[in-house]
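Engineer: Sequence plus predicted model, see below.
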Amino acid sequence: AQSVTQPDIHITVSEGASLELRCNYSYGATPYLFWYVQSPGQGLQLLLKYFSGDTLVQGIKGFEAEFKRSQSSFNLRKPSVHWSDAAEYFCAVGETGGSYIPTFGRGTSLIVHP
Amino acid sequence: DAGVIQSPRHEVTEMGQEVTLRCKPISGHNSLFWYRQTMMRGLELLIYFNNNVPIDDSGMPEDRFSAKMPNASFSTLKIQPSEPRDSAVYFCASSLSRGLRALHFGNGTRLTVT
């Protein structure tokens, strides 16, 4: 079964600084990978997804993520963080065979200082 | 599209009472998921449906929990009797049943059992 690890429970950055949120997965085959964002009081919203092809994927709100098979990682990045990016971020991995149901990580809380 | 609609947004009830949470998925989506989110356990998949049929309910914590999907546009999650440890945010999500299963989440129901 697949699993996802988000090593950082909280990340604090200053507005305008760059951001990288880490995600490591465990899965035998090539996975489907996702990043979701959850604002307070809201449900999760899809930021971006990876299935195949270019390992650098672009998402909404200026986010991007890079799939690195050798490191089993799918880190999320943004070059310049805005105060409105403060939220909880979830990485998820889905099976490429079978149900495709994604498994979610525990999330990383992003705090943005002005 | 209005997105996934959940009701109520907040529910406060006393231990032992029956609680019913409701969900309307996105029109055209034929997979529906119920998740529970807590600080201790993160985001847990409780059950999911394909074409109104329950496929995997292994995440349902115990017999006090039941879920139904009588048609493609409506699902319920019922807890009877409720207990304080059921306090959590319950999310409904829907997706197409094929492909990358990018889930679309509702805004959740915050349940408090006193």
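Structural biologist: That came in fine, so what should we check first?

Engineer: how about the helices in chain B?
Structural biologist: With helices called from DSSP state H, chain B shows none.

Engineer: Return the backbone torsion pair for the spatially most central residue of chain A.
Structural biologist: Closest residue to the average C-alpha location of chain A: A:W35 at 3.5 Å, with Cα atoms, centre = their mean. Here is the backbone geometry of A:W35 (degrees, to the nearest 10): phi -120, psi 130.

Engineer: do the one 10 residues further on as well
Structural biologist: Backbone torsions for A:Q45, taken as degrees, to the nearest 10, come to phi -120, psi 130.

Engineer: that older thread, now the residue nearest to the centre of chain A, nearest residue through space, not along the chain?
Structural biologist: Beyond its immediate neighbours in the sequence, the residue positioned closest to A:W35 (Cβ to Cβ, 6 or more residues apart in numbering or on different chains) is A:L47, lying 4.4 Å away. For the C-beta atoms, the positions are set from N, CA and C on the backbone; glycine is no exception.

Engineer: what's the answer for A:S39, then?
Structural biologist: With Cβ to Cβ, 6+ apart as the criterion, A:S39 has its nearest non-adjacent residue at 4.8 Å, and that residue is A:A87.

Engineer: who touches B:V89 in this structure?
Structural biologist: Residues in contact with B:V89, defined by Cβ atoms under 8 Å, 6 or more residues apart in numbering or on different chains, are B:36-38, B:108-111.

Engineer: Counting neighbours, what do you get for whichever residue of chain B sits closest to chain A?
Structural biologist: Relative to chain A, the nearest point of chain B is B:F105 (3.2 Å; Cβ to the nearest Cβ). Neighbourhood size, B:F105 [other Cβ atoms under 10 Å in any protein chain shown]: 23.

Engineer: any idea how far B:S87 is from it?
Structural biologist: Computed as Cβ to Cβ, to the nearest Å, the B:F105 to B:S87 distance reads 19 Å.

Engineer: if we can go back for a sec, check which helix or strand the residue nearest to A:W35 maps to.
Structural biologist: Per DSSP states H and E, A:L47 falls inside strand A:44-50.

Engineer: So what sits opposite the residue nearest the centre of chain B in the bridge?
Structural biologist: For chain B, the residue whose C-alpha lies nearest the mean C-alpha position (Cα atoms, centre = their mean) is B:W34; its distance is 3.1 Å. When bridges are assigned using DSSP bridges, the partners listed for B:W34 are B:I47, B:C92.

Engineer: Repeat that for A:F90.
Structural biologist: Legend: beta-bridge partners of A:F90 under DSSP bridges are A:Y36.

Engineer: Spell out which residues of chain A are next to chain B.
Structural biologist: A:32, A:34, A:36, A:41-46, A:49, A:51, A:90, A:94, A:99-102, A:104-107 (Cβ under 8 Å from any Cβ of the partner chain).

Engineer: Buried among the residues you listed? Need that as a selection in PyMOL.
Structural biologist: This is how PyMOL selects the buried members of those, with burial counted by 16 or more other Cβ atoms under 10 Å in any protein chain shown:
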select buried, chain A and resi 32+34+36+43+44+45+46+49+90+94+100+101+102+104+105+106+107
